[in-house]
Every structure is written in C-alpha cells, then in structure tokens.
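Asker: A predicted structure for the sequence below; I have some questions about it.
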There are 2 protein chains.
Amino acid sequence: MAKRRKVGNLMALAVLSALVQRPMHPYQMASVLREHGKDQNMKIKWGSLYTVVQNLEKHGLIEATESTRQGGRPERTVYGITEAGRVELTDWVRELLATPEQEQSRFTAALSVMAVLSPAESADLLAQRLTALEKGLAARRAALAEAAREVPRLFLVEEEYELAVADAEVGFVRGLLGELTSGTFPGLADWQVFSETGVVPPELAELMERGLHPQQP
Amino acid sequence: MAKRRKVGNLMALAVLSALVQRPMHPYQMASVLREHGKDQNMKIKWGSLYTVVQNLEKHGLIEATESTRQGGRPERTVYGITEAGRVELTDWVRELLATPEQEQSRFTAALSVMAVLSPAESADLLAQRLTALEKGLAARRAALAEAAREVPRLFLVEEEYELAVADAEVGFVRGLLGELTSGTFPGLADWQVFSETGVVPPELAELMERGLHPQQP
DNA sequence: ATGCGTATACTCGGGGACGAGTAATCAAGA
DNA sequence: TCTTGATTACTCGTCCCCGAGTATACGCAT
C-alpha cells in the first residue's frame, strides 16, 4: 500500500481538486487555492506549481483545453481535469484518508478535499484510519513503556510528543466520525445531495465564486 | 528569523548530534541513528545521508579525520564535528525548540537532540515556543470561528484538525515545561551535571555503547 | 568447499522542489 | 503625463533528495 503516485507532490492534489470545479490556467489555480486558505496549511511554491502542472499533463491527469493570449502578456494555457485525473484524485484521497502516516500534512490535505467523496465513503475510510491509528498507538505506547524501564526520559521525550499528537488525532477522527455516522455533522444533507447528483446547494454556489476564507488584513 | 541553514535537511541535525559523541564514518552514523530509534521518526534515506555528510563537510561543520581501508572494502572516511559544527548544532536546536512551525517533524527532531542544551536553556526556549504557540492558536481559533459563520463545516474540517493537533502540542509543551521548571522531570540532575561538566553519568555511559531503544523483533 | 543469504558500505543518475528573476499591465497619485 | 508600486503570469537554473543499483565480506548450512 501507499502506492507511488505518478505525481507525489501534495500540491498536485490541490490542483486536481481545483480543476474539478472548472478548467483554469495555472496562475488562476494559485489564486483559488489562496482564497480557499490553502496557503495557510500548504505554502504555495511558485516553482513547484508549474512543475506539478507539467507533470500532471505528462501523465494525462490534466490536459490543455485552450491557450489564449491577450495583449502582450505571456500566453496562458487553460487546463482541465481528465477522467484519469478524476480517478487519481478520488483514489488518492481515499488512500490519504484511510491510512495514517507520519506526516500530518498529508491528512490535512486529504481532509481539505474530502468533499470529492460521498459522506458514507468518507466515514468508512475514517473508520479504517481510526482502527489503524489506535492499533499503532497502542503498540507505540507499549514500546515506549518498555523503553522507559531502561532509558531516561530525556531521550524519550520526542516519542512522548509524537504520541501526544497521535492521541489528539485519534480524538479528532473519532469525533468527526461520530458526527458523520450519527448524522449530526452540519451540512451533511447538502453534502449527500451534492455527492449523488453533483448539484451544489444554492447558498454555496455563490460562496464558491467569491472564494471561501476571506483574507484577513 | 527561521534563518536558512547551510544544510537544511533534518538528517544533518541527526548527523551532527551523532558526531558530538564521537567521530564516525557515514554508515556508522546510520547504525547509531537506527539504534536510537531515529528511523521511526525520521526515515533514513541512504542517498541523502551521503549528500548531507558531503555538504556538512563542504561548509566546514564536520571534517574528515582519518580514512581507513580494510580488506577489499571500499574506503571508509571517518568524520568528526568541528567547532563551527557544534555552534551550528546548538544554534539550530535553539531555533527549532523556540519557534513553532507547521511541520511537526521539526519539533520532534529538536526534542530528540535537546540534550545538547542545558535544562535551563531548554526550559527557556520551550517557554518562548509556548507563548508563540498560544498566540498563534488563539488567532487561528478566532479566524476559524469567523469563517464558520459563512462557510460550511465541510470546508473547515482540515483547519479544525490542525487546531486539534496544535492544541495537543500546547498541552505537551506546557506539561514538559512544568516538569522542567518545577524540577520534577526525572533525570534532571544528571542532565544538569552533564551540561555543566560534560560528564556522562555511569549508568548512562553503558547504555550509550549498546544503543538506546533495543530493536523490537 | 561451495553455495547462499545477509550485512556492510557506499555510488549514481534522474527528477523534483523552489527561490529569484523577468516582464508586461494597470491604477493611482504627483 | 510621468512615475511608481502592485498585480499578473510565468521561466529558469540550481540545489538537493532519494531509490535503486553495486560490490565485497562473512557466517552458516549442506
């Protein structure tokens, strides 16, 4: 598992999720991501963006749909997501949601594009993650307790930290999963409708346009 | 702040901390790190190790002390840390401890080499981190609450996750700091002695040799 | 003694990440 | 109207990461 992706950079995930909404040219992607507050969690590196877009195209996950040039500006190529790209996106999110990893930024990324899956599947994957997480946590706790009998705290402090963070993740996932399965998660109905029919609820449609996460000055 | 290091890879930090104990050749460093359980937190990439060692040497943070060849084996170059290397190590740890960053693996790395600083300085730096952490957390919480009035939970879930993790970090740092300042941290006296005189307490010395963190089979 | 697996000890080359640079457009103030 | 600064929209080159490959030595079983 943890299949190697054709394009491994997490920015590729963000790009794919942006292109699901509508075709864009690279700079536009960056603006959209910035508006969605993605620049907080995942710094936008300009150099990487264009490399990533290029690689996504090379692997057929996105394709150039038109290439307009206005004025003396450099030409702008608009990219759209392909069917293969959609498959890659959902498959990737599934993996990131279900399997815990050391880098927590991968889970953050997964959560930020969870909407491309159905609520039911998300809940299912989160349950898998929770199980794996709990198992791993128990094992690490046991190993730490074992080591603590010989090794002074000073040299185990980093493992304690990781366990504390892992514990918080377990708590978060459990809470989120609870809300999803009990149906108390706000907006669950809209999400459900969207995932079945692709219809964006009206009050959301207008948000999409002007961007979530207004800039704080 | 967050000065750019000559060698930015976190493995460089691990290498420096290994060489503080005694000079080694690269493969030995990897073994030592593996024995210390560093391979759990920070995967050892073979390719990187040699690049990192090379770069450290280039920048004068370590230096080749001898180069033995036995049998038909490829020649092994033994490296020792330089004075500049020591300075870089402590300075780097200071920065990593005091300033919170998005990548939690950096703090893990910092904690794992915290022993190169004195307990008092560590406590001081942790206090700085705590302050920064709390300030940032409050700001992010406020921003989230603000955004939640317009944007559905579904698109804020990743920020909730990050806040949960950040909260756990605050708790951990506060706890650790408490133990350090109140003097209840086990082994504090030994650590104090070591940082003042460089003397390793006898029961530790023998641990050093055969490696902390026994392998679990 | 001979093969085979495993540990030791690296090397190398492709590819990706990313900062700094570039260059045109546009709005607004002096 | 001229300049200045911000915004748009990239390009380029360097540095660095890292997986896969290589090659020898050693122990152990047959």
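Answerer: Perfect, thanks for sending it. Numbering: from 1, shown residues only, chains lettered A, B, ... in the order given.

Asker: in chain A, what residue comes closest to chain B?
Answerer: A:Ala168 (3.3 Å; Cβ to the nearest Cβ). For the C-beta atoms, the positions are set from N, CA and C on the backbone; glycine is no exception.

Asker: OK, contacts around that residue?
Answerer: Shown in contact with A:Ala168 (Cβ atoms under 8 Å, 6 or more residues apart in numbering or on different chains): B:Ala164, B:Val165, B:Asp167, B:Ala168.

Asker: of those residues, closest to A:Gln104?
Answerer: Set against A:Gln104, the nearest of the contacts of A:Ala168 by Cβ to Cβ is B:Val165 (6.2 Å).

Asker: roughly how far does the closest one sit from B:Gln102?
Answerer: 10 Å (Cβ to Cβ, to the nearest Å).

Asker: okay, those two: which has more neighbours?
Answerer: Remark: of B:Val165 and B:Gln102, B:Val165 carries more neighbours, 20 against 14, as counted by other Cβ atoms under 10 Å in any protein chain shown.

Asker: mind listing the strands for chain A?
Answerer: In chain A, strands defined by DSSP state E lie at A:62-68, A:76-81, listed in chain order.

Asker: so what touches the longest one?
Answerer: It refers to strand A:62-68. A:15-16, A:19, A:23, A:53, A:56-57, A:75-82, A:85.

Asker: over to the last one?
Answerer: Surrounding strand A:76-81, the residues in contact under the criterion Cβ under 8 Å, 6+ apart are A:16, A:19-20, A:23-27, A:53, A:56-57, A:61-69, A:89.

Asker: now do the phi/psi pair for A:Asp9.
Answerer: One thing to correct before we go on: residue A:9 is Asn, not Asp. phi -60, psi 130 (degrees, to the nearest 10).

Asker: so what pLDDT did it get?
Answerer: pLDDT recorded at A:Asn9 is 88.

Asker: over to A:Gln40?
Answerer: At A:Gln40, pLDDT is 62.

Asker: what's the distance between the residue of chain A most remote from its centre and B:Arg153?
Answerer: For chain A, the residue at maximal distance from the C-alpha centroid (Cα atoms, centre = their mean) is A:Glu150, at 40.3 Å. Remark: distance between A:Glu150 and B:Arg153 (Cβ to Cβ) = 46 Å.

Asker: now do A:Val173
Answerer: Using Cβ to Cβ, we find A:Val173 at a distance of 15 Å from B:Arg153.

Asker: more crowded one of those two?
Answerer: A:Val173 (22 against 15).

Asker: so which of the contacts of strand A:76-81 reach DNA strand D?
Answerer: Among the contacts of strand A:76-81, the residues within reach of DNA strand D (Cβ under 7 Å from any atom of the strand) are A:His25, A:Pro26, A:Tyr27.

Asker: what is the burial count for the nearest residue to A:Asn55 once chain neighbours are set aside?
Answerer: Excluding the flanking residues, the one nearest A:Asn55 by Cβ to Cβ, 6 or more residues apart in numbering or on different chains is A:Val7, at 4.7 Å. Close neighbours of A:Val7, defined as other Cβ under 10 Å, add up to 23.

Asker: contacting residues around A:Val7?
Answerer: Contacts of A:Val7 (Cβ under 8 Å, 6+ apart): A:Val52, A:Asn55, A:Leu56, A:His59, A:Leu61.

Asker: try it again with 10 Å
Answerer: By Cβ atoms under 10 Å, 6 or more residues apart in numbering or on different chains, the residues touching A:Val7 are A:13, A:15-16, A:51-59, A:61-62, A:88, A:92.

Asker: care to break chain A down by domain?
Answerer: Here the domain parsing of chain A from automatic domain parsing is A:10-109, A:117-210.

Asker: select, out of these, the one closest to B:Lys45.
Answerer: Closest among the domains of chain A, once you apply Cβ to Cβ, is domain A:10-109, at 13.5 Å.

Asker: may I see the PyMOL selection of the buried members of the contacts of strand A:76-81?
Answerer: The PyMOL selection below is limited to those of the contacts of strand A:76-81 classed as buried (16 or more other Cβ atoms under 10 Å in any protein chain shown):
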select buried, chain A and resi 16+19+20+23+24+25+26+53+56+57+61+62+89
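
Asker: so which of the contacts of A:Ala168 comes closest to B:Pro201?
Answerer: Using Cβ to Cβ, these come closest to B:Pro201 at B:Ala168, 31.7 Å.

Asker: which non-adjacent residue is nearest the closest one?
Answerer: A:Ala168 (3.3 Å).

Asker: please report the distance of that neighbour from DNA strand C.
Answerer: According to Cβ to the nearest atom of the strand, to the nearest Å, A:Ala168 stands 25 Å off from DNA strand C.

Asker: residues making contact with stretch A:129-140?
Answerer: Residues from elsewhere that reach stretch A:129-140, judged by Cβ under 10 Å, 6+ apart: A:96-100, A:107, A:110, A:126, A:159, A:162-163, A:166-167, A:169-170, A:172-174, A:176-177, B:40, B:216.

Asker: let's see 8 Å
Answerer: With Cβ under 8 Å, 6+ apart, stretch A:129-140 has contacts from A:97-100, A:159, A:162-163, A:166-167, A:169-170, A:173-174, A:177.

Asker: would you show me how to pick out the buried ones of these in ChimeraX?
Answerer: Applying 16+ other Cβ under 10 Å to the contacts of stretch A:129-140, the buried members can be selected in ChimeraX as follows:
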select /A:97,98,99,100,159,162,163,166,167,169,170,173,177
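
Asker: quick one on the thing from earlier: okay, the residue of chain A closest to chain B and A:Leu133: tell me how far apart.
Answerer: When A:Ala168 is compared with A:Leu133 (using Cβ to Cβ), they lie 11 Å apart.

Asker: again, but for A:Val200
Answerer: A:Val200 sits 32 Å away from A:Leu133, going by Cβ to Cβ.

Asker: which one's more surrounded, these two?
Answerer: A:Leu133 (19 against 15).

Asker: tell me the confidence at the more buried one?
Answerer: 96.

Asker: how about A:Lys3?
Answerer: With respect to pLDDT, A:Lys3 scores 60.
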